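**Q** Sequence and predicted model, in that order:
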Amino acid sequence: MEKKWEEMTSDEKQEALFQMWLSPEGIEFASPEAEKLYKERATRIKDAIQLKKKPDRVPVMLIPSFAPAYYSGLTPHDVMYNYDKIAPAWKKFSLDFQPDTHGGAFVPSPGKFLEILDFKLYKWPGHGVSNETTYQCIEGEYMKADEYDLLIHNPLYFFYYIWPSRIFGALEPLQALPPLAGLTEIYGVSVTFIPYGTPPVKAAYQALMEAGDEALKWIQVAGGFEHEMPALGFPPHQGGATKAPFDVIGDTLRGTTGIMLDMYRQPDKLLQAMEAITPMMIQMGVGSAKQNRCPLIFMPLHKGADGFLSDEQFKKFYWPSLRNVIMGLVDEGVVPFVWAEGGYNSRLEVIRDLPKGKTAWLFDLTDMAEAKKALDGIACVGGNMPMDLLTVGTTQNAIDHTKRLIDVCGKGGGYIMANGAFFDEVKWENLKAIVDTVKEYGVYK
Amino acid sequence: MAEDLVNTLADLKEKEALKIVEDRLSAGDEPLKILDDARRAVEIVGKRFADSEYFIPDLVYSGEILKEITDMVKPKLTKAAEVKRVGKVIIGTVAGDIHDIGKDIVVFMLDVNGFEVYDLGVDVPAQKFVDKIKESGAPIVGLSGFLALAFDSMKETIEVMKAAGLRDKVKVMIGGGQMSDEIRKYTGADAYGKDAMAGVTLAKKWAGA
C-alpha cells in the first residue's frame, strides 16, 4: 500500500514529486514521440539534479523574460494587453529553439489587471516605460523603518491589508480595515465590519472583483499554454516560485537602501522579521509544487550577490534564512531551483552546506569552474550563458563558450546548460547555436 | 578632533560621528571644516570599498550618515560651501531603463571625490545627454544601465553624440550589472567600470586629477 505523504521521508517525497512530474496528470500527449520526448527530457533533468547517475546528455533550459514576444515581432505591450498573443509566441519560441523544458507564459502580466488596481510597484509598457520595454520595479520604502514589529507579530495582517494598500492605488482604503481577531464572540462582530460599509472600502472591493475577472481572462490563456506544452513534449521547469527572506524584505518592502541601513540600525528586528516570514516562503513553494505537480520551485536570488553584502553580512543576514527556506522545501520533497543573479564567487564555500542531490543552482556571472568544484557531489549547477555572448557575441563565440562550459562543468553529470540572466531581445542565431551545441557536444558517452 | 570625525565616520560609527559633529558645532567650530572632514571620511570609505574591505551597504550607510551631517551643518553655514572641483561629469541611466541604485552610488562617490556631477536621472533620452554636454562642457559622460536593453540604448546614445559632433570632445564610460568589455566595444564607449570606485578611477584619470 502506498505510504501517506506525511509518513514519507524527504527522499521519498522528492521521488514522488518527480514521478508526478514524469507522468503528468490530465495531459494527452500529441503523439507517441511527444510523450517519449517529454519523458526523456524530464528524466534527463531529474538525473542531473539527483546526482545519482549521469543523464544521457547535458540538459538545456532557456529562461527568457520577454524574448518569446520579441522573437515573434511583438512588443511587451502587445502581449500584456492582448492575452491571445501570448501562447502562440511562447509556443513558437519553444518549438523553434527546442530546449528541454518550458517555463510557462507568465512573464506578460495582464496590463488591464494592473490598471484596474493602479499598480504602483512597477512601471510597465504604456505606464511609465515605452511599449517596447519590459516592466521594471520602482524602488521605494513600501514598508517603513518602524514597521518591523507589525511584520514580525502580525505578518498576515501586514500582507493582507497594509501591503496591498501601498502597492495598489485602488486598494488604499484597505489600510483602514481592522484585523479580524475580534470575531471570536458575537459581541463586537458588527463593529469590526463597519469600515466595509463605507464607500471607499466598497470601491476597493469592487476593484478587487474586477481585477479578479481580468486575472481569470488572462489565466484562461496562460493556463491553456501550461497544458499544451507538456502535450507537445516539454516538461515545465517551474512549479512555482519563492524567495529568500532577505530579498522579500529588501526588494519591495524596505527597498535596497532601507534594508542596507536596517542591517546597521536595527539588525535584530531584521533578523526576527526574516524568521517570521520564513514559513510563508516555504509554504508558498511547497503548495505550488504539489498543486502544479512539479518539484522544481524557482528561487531568484537578488541581494546576496558578491559585493552586495560583505561575507560577514551574507553569513549573518542572507544565508541562514535562505537556507531555512531551502531546507523547508527539501524536507517536503521540493527541489529549490536557485537562480543566483550576479556573481556568487565569494559565496560558494557557504552554500555548500546543503544535502546532496536536493537543489539546483543556476549561476549568472559566477566562475563556473569554481562553482562546479565547490558544489561537486552536493548540487547540480548550471547557467552562465552570458548576456554579452547572447546579444553581441559572434555565433562562434557562443558555440565555443558552450563547449567550454560542458567541458568544465559537465563532467560526471550534475550540470544544466542555461542562461544566467533573464533575456529579451538577443541574437537568435546564437541562442539556437547554444541549444544545438549542447545536444551534439553534451552527450555523455 | 578633525581626525576623530574622519575616523568614526570612516568606521561607520553613526551615533559617535553625529555626536562629534554636534559637539563641534556647539563649540563654534567652522561648519565648512566639519563638512570637509566628513567628505574626507567618505573618501576613505570609497578607498576601503575599492580594496574590498567595504561593500555596497557600507557605501550606502556612509552616504546616509553624510546626509545627516550635512543636514546638521547646513543651517550654520554662513557662506556657500566652496568646494574645489576636479572636473565635471554627466551621468544618467540610459533610455528605457529606470534603475537608479547603481547610478546613485556612482554619483555619490564622484561627488565626494570632488567632481561636479550632473545627474540626469533615469530613462534619459540620448538628446538630453547631448544637450547637457553642450550646456555644461563636461568632458566625461557616464552611462548607466541594468537591463540588457541598455546595451542598445547606450550604443544609440553614443551614436547621437557622434552625430552631434561631440564624440571626440567627451570620454564615455558605461556601468551596470551585465556590462563587460564586449558590451563596451559594442556600444562604442571608451571604458567600462565594474563598480562605483572603478568609475571614480576612470573619471580621475580622464580629468587628470
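**A** That came through, no problem.
**Q** make it CA atoms for all contacts and neighbour counts henceforth
**A** Fine.
**Q** Based on its surroundings, how many neighbours for A:Pro355?
**A** By the criterion of other Cα atoms under 10 Å in any protein chain shown, A:Pro355 has 12 neighbours.
**Q** quick one: contacts for A:Tyr81?
**A** Under the criterion of Cα atoms under 8 Å, 6 or more residues apart in numbering or on different chains, the neighbours of A:Tyr81 are A:110-112.
**Q** what are the ranges of the helices in chain B?
**A** Remark: helices assigned in chain B by DSSP state H are B:2-10, B:14-26, B:31-50, B:56-73, B:101-112, B:126-136, B:149-163, B:181-187, B:196-207.
**Q** The third one and chain A in contact?
**A** No. Taking Cα under 8 Å from any Cα of the partner chain as the criterion, helix B:31-50 and chain A are apart, separated by no less than 9.2 Å.
**Q** Can you spell out which residues form a bridge with the residue lying closest to A:Lys243 once chain neighbours are set aside?
**A** Counting by Cα to Cα, 6 or more residues apart in numbering or on different chains, A:Met299 is the residue found nearest to A:Lys243 once chain neighbours are left out, at 5.3 Å. For A:Met299, the beta-bridge partners are A:Val338 (DSSP bridges).
**Q** Quick check: A:Met299 touching A:Thr242?
**A** Yes. With contact defined as Cα atoms under 8 Å, A:Met299 reaches A:Thr242; the gap is 5.3 Å.
**Q** Put together TSV for the helices of chain B, with mean neighbour count and mean pLDDT on each row.
**A** Putting the helices of chain B into TSV (neighbours: other Cα atoms under 10 Å in any protein chain shown; pLDDT from 0 to 100) gives the following:
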stretch	mean neighbour count	mean pLDDT
helix B:2-10	20	91
helix B:14-26	16	96
helix B:31-50	21	93
helix B:56-73	19	95
helix B:101-112	21	92
helix B:126-136	16	97
helix B:149-163	20	95
helix B:181-187	19	92
helix B:196-207	19	94
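**Q** For the ones you listed, please prepare CSV with the additional fields distance to A:Asp146.
**A** Output for the helices of chain B, formatted as CSV (distance: least, Cα to Cα, whole Å):
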stretch, distance to A:Asp146
helix B:2-10, 24
helix B:14-26, 18
helix B:31-50, 27
helix B:56-73, 17
helix B:101-112, 23
helix B:126-136, 39
helix B:149-163, 36
helix B:181-187, 42
helix B:196-207, 30
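**Q** residue closest to the middle of chain B?
**A** B:Val107 (2.3 Å; Cα atoms, centre = their mean).
**Q** Please name the residues that touch that residue.
**A** Neighbours of B:Val107 in contact, by Cα under 8 Å, 6+ apart: B:91, B:117, B:119.
**Q** Give me the pLDDT value at the second one.
**A** Reported pLDDT at B:Val117 in the predicted model: 96.
**Q** And it, how far from A:Glu12?
**A** Going from B:Val117 to A:Glu12 by Cα to Cα, to the nearest Å gives 60 Å.
**Q** So those two - more neighbours on which side?
**A** Shown here are B:Val117 and A:Glu12; by other Cα under 10 Å, B:Val117 has more neighbours (20 against 16).
**Q** show me what contacts the more buried one?
**A** B:88-91, B:107, B:110-111.
**Q** count of neighbours near the spatially closest residue to A:Lys85 that is not a sequence neighbour?
**A** Distances taken as Cα to Cα, 6+ apart place A:Val79 nearest to A:Lys85, at 5.7 Å, with adjacent residues excluded. For A:Val79, the count of nearby residues is 23 (other Cα under 10 Å).
**Q** Settle this for me: A:Val79 is touching A:Pro68, isn't it.
**A** No. Here A:Val79 lies out of contact with A:Pro68, judged by Cα under 8 Å, at a distance of 10.0 Å.
**Q** which parts of chain B sit against chain A?
**A** Near chain A, when you scan chain B using Cα under 8 Å from any Cα, you find B:54-57, B:60-61, B:96-99, B:148-149, B:177-180, B:182-183, B:186.
**Q** With neighbour numbers in mind, choose between A:Met299 and A:Thr242.
**A** Just comparing A:Met299 and A:Thr242: by other Cα under 10 Å the higher neighbour count belongs to A:Thr242, 25 against 22.
**Q** residues touching A:Thr9, list them.
**A** Counting by Cα under 8 Å, 6+ apart, A:Thr9 makes contact with A:Asp331.
**Q** In which helix or strand does A:Asp436 reside?
**A** Here A:Asp436, judged by DSSP states H and E, is contained in helix A:428-441.
**Q** Report the contact partners of residue 92.
**A** By default, I'm working from chain A. Neighbour list for A:Lys92: A:68, A:72 [criterion: Cα under 8 Å, 6+ apart].
**Q** right idea, wrong chain: chain B
**A** Shown in contact with B:Gly92 (Cα under 8 Å, 6+ apart): B:103, B:119-124, B:142-144.
**Q** out of the residues you listed, which are inside strands?
**A** Among the contacts of B:Gly92, the members found in strands (DSSP state E) are B:119, B:142-144.
**Q** ok, and the most crowded of these?
**A** B:Ser144 (33 neighbours).
**Q** what sits opposite that one in the beta ladder?
**A** B:Thr93, B:Gly175.
**Q** Burial check on A:Ala215, number of neighbours?
**A** Neighbours of A:Ala215 under the rule other Cα under 10 Å: 17.
**Q** what's the helix or strand for it?
**A** Applying DSSP H and E as the criterion places A:Ala215 in helix A:199-231.
**Q** Would you mind listing what in chain A touches chain B?
**A** A:129-130, A:133, A:136, A:138, A:257, A:260-261, A:307-310, A:342, A:387-388, A:392-393, A:423-425.
**Q** redo that, cut-off 7 Å
**A** Within chain A, the positions adjacent to chain B are A:129-130, A:133, A:136, A:257, A:260-261, A:307-310, A:387-388, A:392 by Cα under 7 Å from any Cα of the partner chain.
**Q** Now distance to B:Pro75 too, for the contacts of B:Val107, in CSV please.
**A** Output for those, formatted as CSV (distance: Cα to Cα, whole Å):
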residue, distance to B:Pro75
B:Ile91, 29
B:Val117, 23
B:Asp119, 25
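**Q** For A:His153, state which of those is nearest.
**A** Distance to A:His153 across these (Cα to Cα) is lowest for B:Asp119, with 41.1 Å.
**Q** give me the beta-bridge partners of that closest one?
**A** Here B:Asp119, judged by DSSP bridges, has bridge partners B:Ile91.
**Q** That one contacts B:Ile91, correct?
**A** Yes. Shown here, B:Asp119 and B:Ile91 form a contact pair, counting by Cα atoms under 7 Å, at 5.1 Å.
**Q** Separate out the buried members of the residues of chain A next to chain B.
**A** A:129-130, A:133, A:136, A:257, A:260-261, A:307-310, A:387-388, A:392 (16 or more other Cα atoms under 10 Å in any protein chain shown).
**Q** Please report how far the residue nearest to the centre of chain B lies from B:Thr70.
**A** B:Val107 is 17 Å from B:Thr70, by Cα to Cα.
**Q** Reduced to three states, what does A:Asp251 come out as?
**A** Using DSSP: H, G, I helix; E, B strand; the rest coil, the structure places A:Asp251 in helix.
**Q** now the contacts of B:Val117 in TSV, with distance to A:Arg41?
**A** Below are the contacts of B:Val117 laid out as TSV (distance: Cα to Cα, whole Å):
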residue	distance to A:Arg41
B:Lys88	56
B:Val89	52
B:Ile90	51
B:Ile91	47
B:Val107	48
B:Leu110	51
B:Asp111	54
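**Q** Closest to chain A out of these?
**A** B:Val107 (15.1 Å; Cα to the nearest Cα).
**Q** Now do the contacts for the residue lying farthest from the centre of chain B.
**A** Distance from the C-alpha centroid of chain B peaks at B:Ala27, with 32.0 Å (Cα atoms, centre = their mean). Counting by Cα atoms under 7 Å, 6 or more residues apart in numbering or on different chains, B:Ala27 touches no other residue.
**Q** Kindly provide the distance from it to B:Ile34.
**A** 12 Å.
**Q** A:Cys137 now?
**A** Noted for A:Cys137: a distance of 38 Å to B:Ile34, by Cα to Cα.
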